[in-house]
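okay, predicted coordinates and the sequence, questions at the end:
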Amino acid sequence: MTTSIILAMIRMTPTLRAQAQLLDNGDRQIGGRQIDNPLANLTGDGVIVGDWLVAARVLNDPEYADYFDLLKDCQIRVIDSDVMFLPPSPEE
């Protein structure tokens with residue numbers, strides 16, 4: 001059984017994530033995790049499986065200041081990891 005984690009995240013479409021990745025440099029990358037749980041589509045935001053989540057802290061972390069203008073209009077969501085991500089497979 002996995003432990004559910006509550007997180008403050010910014011949701012990015014694949015297109016927005018690709019734009020953010022253009023700002024990446026050697027030590028600083030936008031990263032994120034792709035939403036893969038079909039339950040996420042039941043949260044009221046439409047079909048979001050395939051979108052990406054990144055920690056909302058990038059908006060106020062000076063190291064990520066280059067990303068601010070691109071991500072500042074994204075909504076911050078408090079999410080449950082069990083709803084957004086499938087549990088790891090038994091071999092993981």
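Right, received. Where do you want to start? Quick caveat: nothing in here was measured; it's all calculated off a predicted structure.

report all helices and strands that the longest helix seen in the chain contacts.
Determined from DSSP state H, the single longest helix within the chain is helix 14-21. Helix 14-21 sits against strand 52-55, helix 68-71, with contacts defined as 3 or more Cβ pairs under 8 Å, 6 or more residues apart in numbering; DSSP states H and E. To be clear about C-beta, it is placed using only N, CA and C from the backbone, and glycine gets the same treatment.

which of the ones you listed is buried the deepest?
strand 52-55 (a mean of 20; mean count of other Cβ atoms under 10 Å).

sorry, back to before: run the chain-centre distance for the longest helix of the chain.
Here helix 14-21 is found 11 Å from its chain centre; the criterion is Cα atoms, centre = their mean, to the nearest Å.

give the next helix or strand downstream of it.
Following helix 14-21 in sequence order, the next helix or strand is strand 33-34 (DSSP states H and E).

how distant is that next one from the center of its chain?
The answer for strand 33-34 is 6 Å, by Cα atoms, centre = their mean.

that strand pairs with which strands?
Neighbouring strands of strand 33-34 in its sheet, by DSSP bridges, are strand 52-55 (antiparallel).

for the protein, which spans come out with low pLDDT?
1-2, 92 (pLDDT under 70).

sorry, back to before: what residues sit buried inside the longest helix of the chain?
Buried residues in helix 14-21, defined by neighbour count with 16 or more other Cβ atoms under 10 Å: 16, 17, 20.
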